[in-house]
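Asks: sequence and predicted model, in that order:
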Number of protein chains: 2
Amino acid sequence: MPSYRAPVEDTLFLLNDVLGFHRYDNLPGFSEASPDVVEAVLTEGAKLADTVFAPVNRAGDLEGCTRNADGSVTTPKGFKAAYDAYAQGGWMGLSVPEEFGGQGLPHTLNTAMQEFVSGANLALGMYPGLTQGAIAALLVHGSEDQKRTYVPKMVEGAWTGTMNLTEPHCGTDLGLLKTKAVPNGDGSYSLTGTKIFISAGEHDLSENIVHLVIARIEGAPAGTKGISLFVVPKFLVNADGSLAERNGVSCGSLEHKMGIHGNSTCVMNYDGAKGWLVGEANRGLNAMFVMMNEARLAVGVQGLGQSEVAYQNAVAYAKDRLQGRALTGAKAPDKAADPIIVHPDVRRTLMGIRAFNEAARALVLWTALQSDIVHRSQDAKQRQAADDHMGLMTPVVKGVLTDRGFANAVEAQQMFGGHGYVEEWGMSQFVRDARIAMIYEGANGIQAMDLIGRKLPRDGGRAMMTFLGEVQTFIKDHNETEAMKPFVAPLQAAVNDLQGATMWFMQNAMAKPDNAGAGATDYMHLLGLVAMGYMWARIAKAAQEKAGEPRMEAKLVTGRFFMERILPETALRLARIKTGADSTMALAAEAF
Amino acid sequence: MPSYRAPVEDTLFLLNDVLGFHRYDNLPGFSEASPDVVEAVLTEGAKLADTVFAPVNRAGDLEGCTRNADGSVTTPKGFKAAYDAYAQGGWMGLSVPEEFGGQGLPHTLNTAMQEFVSGANLALGMYPGLTQGAIAALLVHGSEDQKRTYVPKMVEGAWTGTMNLTEPHCGTDLGLLKTKAVPNGDGSYSLTGTKIFISAGEHDLSENIVHLVIARIEGAPAGTKGISLFVVPKFLVNADGSLAERNGVSCGSLEHKMGIHGNSTCVMNYDGAKGWLVGEANRGLNAMFVMMNEARLAVGVQGLGQSEVAYQNAVAYAKDRLQGRALTGAKAPDKAADPIIVHPDVRRTLMGIRAFNEAARALVLWTALQSDIVHRSQDAKQRQAADDHMGLMTPVVKGVLTDRGFANAVEAQQMFGGHGYVEEWGMSQFVRDARIAMIYEGANGIQAMDLIGRKLPRDGGRAMMTFLGEVQTFIKDHNETEAMKPFVAPLQAAVNDLQGATMWFMQNAMAKPDNAGAGATDYMHLLGLVAMGYMWARIAKAAQEKAGEPRMEAKLVTGRFFMERILPETALRLARIKTGADSTMALAAEAF
């Protein structure tokens, strides 16, 4: 039976000692988040993750969701109670403004909690995760009336949310969507169409489900310029907030998936369902992107969460499983064999995952902090810089953390030999669950294209220049410190590769956009490596300031492993990018 | 519904034009394998794979195997008929000597057929695959009587084979095994113990099952020096070859696995089962290694097979799925969107898999040819060189082809977006099935340790020197040919990296074996990359000789992609190796 222990200690270290969380005291909500409060919140959140969410994870995988004859969906045993505990703990509105029933605390804390929840039980964590995304979209684009009607109920956890984008013939290319909205004349619209892959589309965890749906208003322009966003509740809502009759939306079937069996992935049928426009007509994609950007970061966090839980279980197994002897002589001579953690190839695997997890966690929290600045700072310049960071790092967090998170789950499973392939040990579930994160909220290839096609060139490349400037300044400031050299020297090499790649695109992709497309994924990973390398350099600095603590010594070793074994991948990424698109694109489609 | 088409054309090109199959006419069995015969055999084999094995693949995944109350096991619907077609087609004994009922053809052809079968239906292909391994072990180590009793029946397909190594507390470290064998006084032994993860341990495909079991004879030395190999038939065999009573071996339960659901993975209970020693007492591991080396190559081929079928289905989807427009302007302006194969990131993925598949196929067939030479050549020197090659390349084929084969299945699945995650499309099955190949027959980390600890240093590094010599000679011979430069120049760089890594180990691993262990996996992949790069260089040469054929032009583009995008990974592997074991091993176990 796999287990999970939320990384509270590491999160606190990153917030307090690396990211200087206290320096943001001037932002609304941050003054309430004193170190004591932060520790208490995370400790409480960890308790929920470890003792309520994690214990029903495997049962959720085995049992899955069931669609009943009446179209209702039953979630796995234990999910409802766990969801209720989450809702009652006030977790849904942790960072939602108090006027809507939330606690107004920094989103950074909510992000830390997202990691705990995703590590403990990914399928279950998606129900509140999507609700938080829907809350964010309504808070930014909803009318006052919509906010008052839906948000407090969702914050309470009484109602949940979904996002409805995909249709059978359109996923990435939303311009092709067919779901249609016809004005009813009373301000509402009548929606008709089929949406697929709708996570949490129908279930028994909440009284009502608030669907955010993109559709095309009759007569709207073709393509993405004719897309509008609607709120379509499962049950209509009376003026006093009580539930009225059932709306014309229902779950047609559940998908049979590789993993996240505990989450109900629905085909949703809209048969003249009543909906209300959110934001402006034909500007639905903009509104949806608020939700999607929030969701993309959360999905990146899922990659980290699965990598962490897989790591923890692999470590436990490696300490317990006796097999073979250390190359340097028996380490447990009193036993029939040594625990496999003595073997260098096992260590290599564990260190690789660990070195990723700790850097990825730092990157996630750093990025979440920027999100708080974007939403809460009074300083326009600070807001802009934070917004630049978010734009640049959102595809990286989503794409890189889920690619590597999945690969790490596979590596952790490998530690178990045949036992890893057998479902009873739970490692297969981590792999199967982690796999989805590379796909949904925009497959990772789309993240790479978003990075290189939109985020990088925006405002003349300002975001990248700011990021590079910050890293270069850090390097310059620590170049002369002997203890920091093992960190800043490899970081400098990696930054050079990133600059080289960026320059290469500037010179070669304008005239030939395929050169950008063929290098996009490598570039996303290159940037992710540099960002994580920078995190490690900052972690190392903080750890050196607390030198002597064994936990800090372990940090320094792990950081060195990252610098030596993982970061050099930047050179390979650059080499690939520089070969351009020729051999990638030369074959005619028929030659495949 | 996924489909499969065995790569006959490419296999014939590799055999005839790249590897010069006809040059081995002097070996027994090769003269019978004229180009016409080879083409007929492969075409017929492909037909079986495409039209009989592939169509029951998904059903096998969905239905799985069932253990009945009486301990018997029922395979999925359609498996028995498909197995019978395989047996009746004479495929089991394709390369078994004629005196045992086989056709005596080169093992190389059998290996090609293994790829077809593994691509079409991995779970089903394992039943004959294990039987072929058991045949090989008995032919080398069995007594005359054992050979006569078991082999012809297995060649016929009437009986199947298994290998029983793993026990609950011992997988890699077979020295810990507990299954015990007590002499009965009549030349037979009585075996008692539990074996786990026994593929094809019990099923309804054959009349009898011939278990090859390792056990410790009472009083034998501890550790691996006290292991003996036994043949333990499910039904005892009368002197006339007919079946007698049921032996004391039974399937206690089936494992619940991530994939290969169609294969019965059994816990096997031996309760005083009657067995006969194969080969010498206490020399069982040697005998078992014949079977395991055979099996390791076959497992590498499975990695290739799954990569190929995943690629084929991804290509079909990429040509069919309309989404977005090419960066360079609409390619299908009459349609709502372009097929996604126009997108560079999709191309990058498809080209990457394709470039691997074609090189891996060449490496597999080249290695199979060496196996034929080892077993059939009269020339001791030629045999030794071939044996060296086998030793060196067996862990590489097993480890590298399954690591990359799995990764490719994941990449191919990614092409499908959300549809890839949904079981109906079949891509998930390829991923789940391919995953096992990295684990069984020695997890890939073990392959890496075998390579670096045993195969590389053996005979003063003779095998590696021969391999490097061959590649260097090829480079020298083609260095000056303009058309070959894009192939030999990158190959030279990769060879330099391999030499650098080999040298580094010689200088740094003797005194500190952890330096070898920490770099073993990287070294295995480094050698695999060089071997595949060499294959591409030879393919390119053959393709240039047939220039003008569109298929050959496609080869040259694909080879260039390999050289530009995949082969440069050697530098990263070398860089990692050279960092040594320090950061890998520095943490105390308790720090994890």
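Replies: The structure has been received and is ready for your questions.

Asks: every contact and neighbour count from this point should use C-alpha atoms.
Replies: Noted.

Asks: for A:Phe562, give its distance to A:Ala531.
Replies: 12 Å (Cα to Cα, to the nearest Å).

Asks: now for the helix of greatest length in chain A, which elements pack on it?
Replies: Determined from DSSP state H, the single longest helix within chain A is helix A:284-320. Secondary-structure packing of helix A:284-320 (3 or more Cα pairs under 8 Å, 6 or more residues apart in numbering or on different chains; DSSP states H and E): helix A:107-120, helix A:122-141, strand A:208-217, strand A:228-233, helix A:344-376, helix A:380-414, helix A:427-437.

Asks: show the pLDDT at A:Met288.
Replies: We have a pLDDT of 82 for A:Met288.

Asks: what sits against it?
Replies: Contact partners of A:Met288, counting by Cα atoms under 8 Å, 6 or more residues apart in numbering or on different chains, are A:137, A:214, A:229.

Asks: how many neighbours does the last one have?
Replies: The tally of other residues near A:Leu229 (other Cα atoms under 10 Å in any protein chain shown) stands at 31.

Asks: was I right about it contacting A:Val213?
Replies: Yes: using Cα atoms under 8 Å, A:Leu229 is in contact with A:Val213, at 5.7 Å.

Asks: quick check: residues of the stretch 101-250 of chain A near chain B?
Replies: A:169-173, A:176, A:197 (Cα under 8 Å from any Cα of the partner chain).

Asks: for those, could you give me TSV that also reports distance to A:Ala316?
Replies: Formatted as TSV, those follow (distance: Cα to Cα, whole Å):
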residue	distance to A:Ala316
A:His169	45
A:Cys170	43
A:Gly171	40
A:Thr172	40
A:Asp173	44
A:Leu176	49
A:Phe197	35
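
Asks: isn't A:Val18 right next to A:Arg538, touching?
Replies: Yes: using Cα under 8 Å, A:Val18 is in contact with A:Arg538, at 6.3 Å.

Asks: so if I had to pick from these two, which one is more boxed in?
Replies: Higher neighbour count among A:Val18 and A:Arg538: A:Arg538, with 24 against 21, using other Cα under 10 Å.

Asks: ranges for the helices of the stretch 401-550 of chain A?
Replies: A:418-421, A:427-437, A:444-450, A:458-478, A:485-508, A:513-545, A:550-561 (DSSP state H, counting those that start in this stretch).

Asks: nearest to B:Ala222, out of those helices?
Replies: Among the helices of the stretch 401-550 of chain A, the nearest to B:Ala222 by Cα to Cα is helix A:418-421 (24.3 Å).

Asks: who's in contact with the closest one?
Replies: Under the contact criterion Cα under 8 Å, 6+ apart, helix A:418-421 has outside partners A:413-414, A:425-428, B:197, B:257-259, B:435-436, B:439-440.

Asks: now that helix: average pLDDT?
Replies: On average, helix A:418-421 scores 98.

Asks: how about the contacts made by the nearest residue to A:Leu254 once chain neighbours are set aside?
Replies: Excluding its sequence neighbours, the residue lying closest to A:Leu254 (Cα to Cα, 6 or more residues apart in numbering or on different chains) is A:Cys266, at 4.7 Å. For A:Cys266, the contacting residues are A:196-202, A:251-255, by Cα under 8 Å, 6+ apart.

Asks: A:Glu480: neighbour count?
Replies: 11.

Asks: ok, it to A:Val8 distance?
Replies: A:Glu480 is 33 Å from A:Val8, by Cα to Cα.

Asks: A:Ala537 now?
Replies: As judged by Cα to Cα, A:Ala537 and A:Val8 stand 21 Å apart.

Asks: one step back: just name the most buried of the helices of the stretch 401-550 of chain A.
Replies: Among the helices of the stretch 401-550 of chain A, helix A:427-437 has the highest mean neighbour count (mean count of other Cα atoms under 10 Å in any protein chain shown), at a mean of 28.

Asks: okay, the helices and strands packed on helix A:284-320 in TSV with mean pLDDT and distance to B:Asp497 next?
Replies: Putting the helices and strands packed on helix A:284-320 into TSV (pLDDT from 0 to 100; distance: least, Cα to Cα, whole Å) gives the following:
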stretch	mean pLDDT	distance to B:Asp497
helix A:107-120	98	39
helix A:122-141	96	42
strand A:208-217	98	53
strand A:228-233	98	55
helix A:344-376	97	21
helix A:380-414	97	25
helix A:427-437	98	33
